[in-house]
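[1] sharing a model that was predicted from the sequence below.
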Amino acid sequence: MINHPVLTDNDPQKETHTLNLGPTHPATHGVFQNVLEMDGERIVSGVSTIGYIHRAFEKIAEHRPFYQITPLTDRLNYCSSPINNMGWHMTVEKLLDIQTPKRVDYMRVIIMELARISDHLICNGILGVDTGAYSGFLYLMEEREHIYEIYEEICGARLTTNIGRIGGFERDFNDIAFAKIKKFLKNFSPIMKEFEALFNRNRIFIERTSGVGAVDPETALNYSWSGPILRATGVDYDVRVNEPYSSYQDFDFEIPVGTSGDVYDRFIVRNEEIWQSLRIIEQALEKIEKEPKGVFHADVPEFYLPAKEDVYNNMEALIYHFKIVMGEIETPKTEVYHAVEGGNGELGFYLVNDGGRSPYRLHFRRPSFINYQMYAPMSSGMLLSDAIINMSSLNVIAGELDA
Amino acid sequence: MEKLTNQIVIQKLSTQFGERISIPTEPYGLLTFETGKESITEVLTFLKEDAALQFNYLTDITGIHYPEKELAIGVVYHLHSLRSNVRVRIKVFLPADKPVIPTASNLWKGANWMERETFDFFGIQFEGHPDLRRILNVDEMTVFPMRKEYPLEDPNRVDKKDYFFGR
């Protein structure tokens, strides 16, 4: 909210400059427009305009069968699409009361934690770029590439992954995928250590980020913040612990929290979450060894697409294939809310079902949208260059912001 | 402190509001009830500020449209008590010709954009909202696109009619 008069450019009383930051400014990494009133280099007030890449996913989802909504969720937070995919699958599984085998849960945990790592790598790498340290970003991007290679091995795609199906995965992880995951775990730690050595105790970086955009926990909760930026203020809210899904209760990991909620704390919280994610993946790999091999989906023929050779040779499979593809499955007429811990916070799916082919109403609780609304109010009084790194560390993804 | 359960929440709400809230249901364990637009501010304030409940976190506000119902437009609130880790869902239904409801942005600043989004897509007027403008759609838009009367595709298309799918 602006609490000062905004004058036009040729008004003789105007003492501030109006600056259009965005919609396509290279420093904002995405389509964000902020109209700022500037007093010299300091921001007096700002107004955010969003919706430049709004694609009406909620409307489209009302016209698609459940399994065709997964590709829409890819395009929300495209830096960590597997989390969105899994969140959607689990929402439908909750609706249909499907119990997935433990091995599927652990496979999901692996893929979700890899996605979280790649999401945090992007955010922290870009924060380095915006503070003038380009090399850290280049180290990390190579590792993100290796995560994308793992996705590629599992599902064939790299960015908009569309991993998995309702009830499990479309295929088992093959040996190459497991080998790549293990190789990633082995090679990534030293690079992450190197990255932390470049930044964590770097005097210039601390001077640049410490105290910038500091938020107290009450304000953050009042603005419904979630995810790493909320935890950086000191609130230990993480959906993985509060409402464990996909067998997260079986894992031993910690929730890092910060104290001041500034850009530096957010950076450290994200780094620490990367380490915790690595811990979780290691445990998941061990646990998968103990589970029966070759199980990669729940035994729910009404909802899980049968293998192609069965469809051609087996009557039952053909019937189920047809019913699933045509959306003829029976679904309960009720509503469900399911949340997962996305890269940026609580990613919720509110699904109202009337038993038809497609959801009656589907609403995405998008953390970027809700986190970003504090950006303009918190920018007033900041230097422009601080506002830029503040935006990087909020890690707002335009696809998730605009849905 | 006793662990907060849905039963305790129901009990507290019914002693406080009695007939003004509907009989609660629990789909998938999430406590759900309806209330009227006259009571919504009071209900939200009570849930947020009661010492035992402390539903201090506004997860989401969204809308829903049932064109065949008399009160066609619904507003759905999701609240979360972070201290006790209990969620609650509150619904308010409004007439389609005059969907007006008091704002929640005085209780939670985060409600601001959520309400703007709901206004943008369903045309729900939030009374007392500081800045009720469209947020994702263009300002010149005249319709509220998530209402059911606005089709996604050209309604003259015949290849996707329901009777092709046996209904």
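    Yep, it's here.
[2] now do the same for A:Leu362: helix, strand or coil?
    Following DSSP: H, G, I helix; E, B strand; the rest coil, A:Leu362 is assigned to strand.
[3] quick check, pLDDT for the spatially closest residue to it that is not a sequence neighbour.
    The shortest distance from A:Leu362 to any non-neighbouring residue, by Cβ to Cβ, 6 or more residues apart in numbering or on different chains, is to A:Ala61 (4.2 Å). For the C-beta atoms, the positions are set from N, CA and C on the backbone; glycine is no exception. pLDDT for A:Ala61: 91.
[4] how many neighbours does A:Gly294 have?
    By other Cβ atoms under 10 Å in any protein chain shown, 7 other residues sit near A:Gly294.
[5] now it: closest residue in space that isn't a chain neighbour?
    A:Gly294 sits nearest to A:Asp172 (Cβ to Cβ, 6+ apart), 6.2 Å away.
[6] likewise B:Gly63?
    Leaving aside its chain neighbours, B:Gly63 sits nearest to B:Phe122 (3.7 Å; criterion: Cβ to Cβ, 6+ apart).
[7] ok, that neighbour to A:Val215 distance?
    Per Cβ to Cβ, to the nearest Å, B:Phe122 is found 31 Å from A:Val215.
[8] and the residue nearest to B:Gly63, how far from chain A?
    Separation of B:Phe122 from chain A (Cβ to the nearest Cβ, to the nearest Å): 10 Å.
[9] just give me the neighbour total for that residue.
    By other Cβ under 10 Å, neighbour count at B:Phe122 equals 22.
[10] wouldn't it be in contact with B:Lys148 here?
    No. Applying Cβ atoms under 8 Å as the test, B:Phe122 and B:Lys148 come out as separate, 10.3 Å apart.
[11] intersection of neighbour lists for these two?
    Common contact partners of B:Phe122 and B:Lys148 (Cβ atoms under 8 Å, 6 or more residues apart in numbering or on different chains): B:His65.
[12] give me every residue that touches A:Val92.
    So A:Val92 contacts A:66, A:98, A:166, A:303, A:351 (Cβ under 8 Å, 6+ apart).
[13] mind listing which of these are in helices?
    Using DSSP state H, no member of those falls within helices.
[14] closest one to A:Gln13 out of these, please.
    A:Leu351 (52.9 Å; Cβ to Cβ).
[15] just for chain B, where's the confidence low?
    B:1-2, B:155, B:160-162, B:164-167 (pLDDT under 70).
[16] run through the helices of it in chain order.
    For chain B, the helices defined by DSSP H cover B:6-17, B:40-49, B:111-122.
[17] closest to A:Gly381 out of the ones you listed?
    helix B:111-122 (19.5 Å).
[18] from A:Asp354, how far off is the residue of chain B found nearest chain A?
    Per Cβ to the nearest Cβ, B:Gly110 is where chain B lies closest to chain A, at 3.3 Å. Distance of B:Gly110 to A:Asp354, computed by Cβ to Cβ: 30 Å.
[19] the more surrounded of these two?
    The residue with more neighbours, out of B:Gly110 and A:Asp354, is B:Gly110; 25 against 14, by other Cβ under 10 Å.
[20] show me the contacts for the more buried one.
    By Cβ under 8 Å, 6+ apart, the contact list for B:Gly110 reads A:222-225, A:370, A:373, B:58.
[21] again with A:His363
    Residues near A:His363 by Cβ under 8 Å, 6+ apart: A:58, A:349-350, B:60, B:62, B:76.
[22] mind doing that once more with 7 Å?
    Contact analysis of A:His363 by Cβ atoms under 7 Å, 6 or more residues apart in numbering or on different chains lists A:58, A:350, B:62.
[23] distance of the nearest residue to the last one once chain neighbours are set aside from A:Gly136?
    Once flanking residues are discounted, B:Thr62 sits nearest to A:His363: 4.4 Å by Cβ to Cβ, 6+ apart. Separation of A:His363 from A:Gly136 (Cβ to Cβ): 37 Å.
[24] also B:Phe144?
    Per Cβ to Cβ, B:Phe144 is found 46 Å from A:Gly136.
[25] kindly report the same for A:Phe205.
    Here A:Phe205 is placed at a distance of 9 Å from A:Gly136 (Cβ to Cβ).
[26] can you list the residues of the stretch 301-403 of chain A near chain B?
    Residues of the stretch 301-403 of chain A found near chain B (Cβ under 7 Å from any Cβ of the partner chain) are A:326, A:334-337, A:348, A:350, A:352, A:361, A:363, A:365, A:369-370, A:373, A:402.
[27] filter these down to the buried ones, PyMOL style.
    Per 16 or more other Cβ atoms under 10 Å in any protein chain shown, the buried members of these correspond to this PyMOL selection:
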select buried, chain A and resi 335+336+337+348+350+352+361+363+365+369+370+373+402
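[28] hmm, back to that, can I get the contacts of A:His363 in CSV with distance to A:Ser277?
    Compiled in CSV, the contacts of A:His363 are given as follows (distance: Cβ to Cβ, whole Å):
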residue, distance to A:Ser277
A:Glu58, 30
A:Tyr350, 27
B:Thr62, 30
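[29] out of these, which is nearest to A:Glu15?
    For these, the nearest to A:Glu15 is B:Thr62 (41.5 Å; Cβ to Cβ).
[30] count of neighbours near the closest residue in space to B:Leu152 that isn't next to it in sequence?
    Once flanking residues are discounted, B:Leu152 sits nearest to A:His63: 4.9 Å by Cβ to Cβ, 6+ apart. Using other Cβ under 10 Å as the criterion, A:His63 is surrounded by 15 other residues.
[31] wait, A:His63 sits on A:Gly356?
    No. Counting by Cβ atoms under 7 Å, A:His63 sits too far from A:Gly356 to count as a contact (10.4 Å).
[32] residues in contact with stretch A:209-217?
    By Cβ under 7 Å, 6+ apart, stretch A:209-217 touches A:131, A:233-235, A:260-264, A:267, A:378, A:386, A:389-390.
[33] could you redo the last one with a cut-off of 6 Å?
    A:233-235, A:260-264, A:386, A:390 (Cβ atoms under 6 Å, 6 or more residues apart in numbering or on different chains).
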